[in-house]
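[1] A predicted structure for the sequence below; I have some questions about it.
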Amino acid sequence: MGPGARNLITDVPGILVGNAQDALLKSGSTVLTSDAPFTASVHVMGGAPGTRETDLLAPDKSVAAVDALVLSGGSAFGLDACSGVVDGLRATGRGFAVGPAQIPLVPGAILFDLLNGGDKGWDHNPYRALGRAAFDAAAEVFEIGSVGAGTGAMTAMMKGGLGSASLTLPDGSTVGALVGVNPVGSVTTPGDRHFYAAPFEMGDEFGGFGPDTASGLGLSTENRKRDAMSMRENTTIAIVATDATLTKAECQRVAVAAHDGIGRATVPAHTPHDGDLVFAATTARHNAGDVTLIGHAAALCLSRAIARGVYAATPAAGDLLQTWSELNA
């Protein structure tokens, strides 16, 4: 197994991703879509999730496929990014047919970035427009780091970001991950250099510095984000995707397994103040796959994507925390 050509979730055939952000707002939105509806499910392990239309992704619900998935900053306000994506899909004639009506189905999840120093004094919620702009920008190639849903994200010790990674499996199918990294926990060990995800790094995709050789890791209670704000401005939200043909129930099992990727890359993870959530999706353009292997690959991709998003973060005026690059200059 190895990374796909772009080392992005868009290595999965049929997947497109778009970002939109506002530098003054210090926030943004990210959309994942495809040229056809796709099967998806979800699993939540954080104690403080913010979601839209996730109930319909349960295996026992009648809707078989959705048109897009949204990750957004903005807390509850950011859920309106889904409305902008619905507008974009409707304009292209996409949606679930109910008689003559076409209803685009767009589940979404948000992270909290309202206290990150950006200008949040809007008169009209900006996230609908950000969602539409992200949809219009959807393509096979997209940026990671301080863009889209990762624009205003922060980890415990440094600026967060939007990350992505992929793997090609022995049977020819592909698995990828896309994540907004804004957790309570830290993604680096004490000293800010080594990533907890280092054992799973492919090449030097997030610096190539290897694992921290110290023992007793995970015991530090230092948290710069908590000191700058409080413990409630958090959440890691992610999408894992594959082209292997899976049922809705199998997608849910892949989403469950993928949460291990958050736990391996973030310490601590799944806290009462995180809304940790993973969507799992398939474009079903490949033969039926091994669900166990796909779930394992999804967790590996998600760990790597978390580190890549933080590693790629860039500084901006008014940031409350430094980037990994600034701390390791």
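    Yep, that arrived.
[2] Ends of stretch 236-252, what's the gap?
    End-to-end distance for stretch 236-252: 18 Å, by CA to CA, to the nearest Å.
[3] from the chain's centre, how far out does that stretch sit?
    Distance of stretch 236-252 from its chain centroid, counting by CA atoms, centre = their mean, to the nearest Å, is 13 Å.
[4] Would you mark the buried spots in it?
    236-248, 250-252 (16 or more other CB atoms under 10 Å). C-beta: built from backbone N, CA, C; applies to glycine.
[5] Which pair in those has the greatest spatial separation?
    236 and 245 (27.7 Å; CB to CB).
[6] Among the buried residues of stretch 236-252, find me the one that's closest to residue 221.
    Using CB to CB, these come closest to residue 221 at residue 236, 19.4 Å.
[7] Isn't that closest one up against residue 259?
    No. Residue 236 lies out of contact with residue 259 (CB atoms under 8 Å); the separation is 9.5 Å.
[8] Between the two, which contacts overlap?
    residue 276 (CB atoms under 8 Å, 6 or more residues apart in numbering).
[9] Point out the ones among the buried residues of stretch 236-252 that are inside helices.
    Judged by DSSP state H, those include 248, 250-252 as members of helices.
[10] Between those residues, which sits nearest residue 170?
    Closest to residue 170, out of all of those and judged by CB to CB, is residue 250, at 18.5 Å.
[11] To which secondary structure element type does the nearest residue in space to residue 229 that is not next to it in sequence belong?
    Spatial nearest neighbour of residue 229, excluding adjacent residues (CB to CB, 6 or more residues apart in numbering): residue 115 at 4.9 Å. Three-state assignment for residue 115 (DSSP: H, G, I helix; E, B strand; the rest coil): coil.
[12] I'd guessed residue 115 sits against residue 225; true?
    No. The pair residue 115 / residue 225 is not scored as a contact, 9.8 Å apart, by CB under 8 Å.
[13] show me the contacts for the closest residue to residue 240 other than its chain neighbours.
    In space, and not counting its chain neighbours, residue 240 is closest to residue 298: 4.0 Å by CB to CB, 6+ apart. For residue 298, the contact set (CB under 8 Å, 6+ apart) comprises 175, 177, 240, 242, 254-255, 257-258, 261, 280.
[14] Name the residues of the lengthiest strand in the chain that come out as buried.
    Ranked by number of residues, the top strand in the chain under DSSP state E is strand 27-44. Along strand 27-44, these residues count as buried under the neighbour rule (16+ other CB under 10 Å): 27-34, 37-44.
[15] Equivalent analysis for stretch 137-149, please.
    137-138, 140, 142-149.
[16] So which residues make contact with it?
    For stretch 137-149, contacts defined as CB under 8 Å, 6+ apart pick out 6, 8, 10, 15-21, 28-33, 71-73, 111, 134, 150, 159, 161-164, 180, 237, 308-309, 311-314, 316, 323.
[17] and residue 162, what does it touch?
    19, 30, 71, 143-151, 153, 178-181, 309.
[18] Sorry, wrong one. I was asking about residue 195.
    Here residue 195 is in contact with 187-189, 201, 206-207, 209, 265, 307, 310-311 (CB under 8 Å, 6+ apart).
[19] For the residues you listed, pick the one with the most neighbours.
    Within the contacts of residue 195, neighbour counts (other CB atoms under 10 Å) peak at residue 310, which reaches 33 neighbours.
[20] residues in contact with it?
    155, 158-161, 163, 181, 187-188, 195, 206, 324.
[21] rerun at 6 Å
    Shown in contact with residue 310 (CB atoms under 6 Å, 6 or more residues apart in numbering): 160-161, 181, 187, 324.
[22] how about those residues in CSV, adding secondary structure and pLDDT?
    Below are the contacts of residue 310 laid out as CSV (DSSP: H, G, I helix; E, B strand; the rest coil; pLDDT from 0 to 100):
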residue, secondary structure, pLDDT
160, coil, 97
161, strand, 98
181, strand, 98
187, coil, 97
324, helix, 98
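[23] for the closest residue to residue 128 other than its chain neighbours, phi and psi?
    Leaving out its chain neighbours, the residue that sits closest to residue 128 by CB to CB, 6+ apart is residue 84, at 4.2 Å. The phi/psi pair for residue 84 (degrees, to the nearest 10) reads phi -70, psi -40.
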